[in-house]
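# predicted coordinates and the sequence they were generated for:
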Amino acid sequence: MFIPNKIVFEKKALDYEIGKNIYEKFKDKSNIEIILASSNRIATHITGENRREKYVSGKKTLVVGIKKTAKFQTCKPSAHFQLPLVSGCIGQCEYCYLNTQLGDKPYIKVNANLEDILKEAKDNIIDRSPEITIFEGAATSDPIPIEPYTNSLFKTIEFMGSEELARFRFVTKFNDVDSLLNARHNNHTEIRFSINTDKIIKEYEHGTASINLRLEAAAKIAKAGYKLGFIIAPVFLYDNWRKEYRELLDMLYDKLSIDVLNDISKQKHSTIGFEVISHRFTTKAKNIILDIYPETTLPMNEDVRTFKYGQFGYGKYVYSKEQLQEMKDFFVVEIDKRFKNKEIKYLI
Ligand code: SF4
């Protein structure tokens, strides 16, 4: 379980049950610094002279705050809205998109006013009725490691389960899913696991769960009747990539076991979703990564990549067209060989 070394309570956070519970749990722990902030300028509580030091300090800081319920941000193309339960992550993946997205806020923030957030979600559902509304719970975080502090995922899953026109999804690289297994999800929540080869996890995904633990958690989630998905990302095309990604898919097949796969195929409309995303980087991300991990071995040599403008208007370095085609062909064949009830949502 994640143990922060500093917890900062924003003004008013203690007015909410989540804030009070966290305060009660930690107020007497002498090894954890508790700060009752007089303003909401949290950055002043993140110590460090440079980006690397602030990153290290931020990853051990839990902020308990309030989400002002202005309109939710959109979350195209995979969902309609981001659901702001948590931002930041305790993981330390070298390539993480949060390094760029939350650069000046490298801490983990939980929003204590869950009821307000779910009320806003309800308003969005009503606005879009009779269409279904999909909420993404991991747009700026990995929410699983913080769940023991908040129970927010459990409550959100049950809320979405009770709303006929709501769907919820989130992704994780962690395995602490036991507290979610009995939630009344009503098949409205999809839990995706982000997976990679053992080599990539060990080299770049510091502080996350091992592949074994992630796959065991995935099997539990499938047995509990949730929709299940896998994001294989970022895919790196290194010397042994074919062999190692094949081994990863074999492990996935073995861990899910015939029972689970049969259960999935018996459930109407149920498939395992796959999303496969090749490694890419922007100049901005590369500079930030080099500040935080000066010794990184992440492959970020622009000379051997193709420069491409993305849908959000900025350029990124991707593998060449031929390499990407080879990767796509590989995953289509290998996923198809092992899984009957699956949907490859995208390969990019
Ligand atoms: Fe980022 Fe996900 Fe790794 Fe957390 S687990 S550091 S959100 S890539």
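Yes, it's here. Residues are numbered from 1 along each chain as shown.
# helices or strands next to the longest strand seen in the chain in the packing?
Longest strand in the chain, counting residues (DSSP state E): strand 227-235. Contacts defined by 3 or more C-beta pairs under 8 Å, 6 or more residues apart in numbering; DSSP states H and E place strand 227-235 against strand 166-172, strand 189-195, helix 211-223, helix 241-266, strand 272-278, helix 321-338. For the C-beta atoms, the positions are set from N, CA and C on the backbone; glycine is no exception.
# columns mean neighbour count and distance to residue 64 on top of the ones you listed, output as TSV?
Output for the helices and strands packed on strand 227-235, formatted as TSV (neighbours: other C-beta atoms under 10 Å; distance: least, C-beta to C-beta, whole Å):
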stretch	mean neighbour count	distance to residue 64
strand 166-172	24	20
strand 189-195	23	24
helix 211-223	20	26
helix 241-266	16	35
strand 272-278	20	32
helix 321-338	14	41
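# okay, those in a markdown table with distance to residue 21 and mean pLDDT next?
Compiled in a markdown table, the helices and strands packed on strand 227-235 are given as follows (distance: least, C-beta to C-beta, whole Å; pLDDT from 0 to 100):
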| stretch | distance to residue 21 | mean pLDDT |
| --- | --- | --- |
| strand 166-172 | 21 | 98 |
| strand 189-195 | 23 | 97 |
| helix 211-223 | 24 | 94 |
| helix 241-266 | 34 | 86 |
| strand 272-278 | 34 | 95 |
| helix 321-338 | 42 | 97 |
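# now for the most centrally placed residue in the chain: which residues touch it?
By C-alpha atoms, centre = their mean, the chain has its centre lying nearest to residue 142, at 3.6 Å. Counting by C-beta atoms under 8 Å, 6 or more residues apart in numbering, residue 142 touches 89-91, 171-174.
# now swap in residue 297 and tell me
Going by C-beta under 8 Å, 6+ apart, residue 297 touches residue 203.
# about what we covered before: now the nearest residue to the residue nearest to the centre of the chain once chain neighbours are set aside: how far from residue 115?
Leaving out its chain neighbours, the residue that sits closest to residue 142 by C-beta to C-beta, 6 or more residues apart in numbering is residue 89, at 4.4 Å. According to C-beta to C-beta, to the nearest Å, residue 89 and residue 115 sit 24 Å apart.
# which one of those two has more residues nearby?
Each of residue 89 and residue 115 has its neighbours counted (other C-beta atoms under 10 Å); residue 89 has more, 27 against 13.
# and the more buried one, how close does it get to the ligand?
3 Å (C-beta to the nearest ligand atom, to the nearest Å).
# thought that residue was touching residue 96?
Yes. Using C-beta atoms under 8 Å, residue 89 is in contact with residue 96, at 7.2 Å.
# closest to residue 131 out of the contacts of residue 142?
residue 171 (23.2 Å; C-beta to C-beta).
# for the closest one, give me its contacts.
With contact set as C-beta under 8 Å, 6+ apart, residue 171 has these partners: 138, 142, 191-194, 229, 231.
# bridged to it, which residues?
residue 192 (DSSP bridges).
# just residue 36 next, same as before
When assigned by DSSP bridges, residue 36 has beta-bridge partners residue 9.
# give me the number of residues near it?
12.
# still on that earlier bit, what's in contact with the longest strand of the chain?
95, 169, 171, 187, 189-196, 218, 221-222, 241, 245, 248, 252, 264, 270, 272-280, 327, 331, 345.
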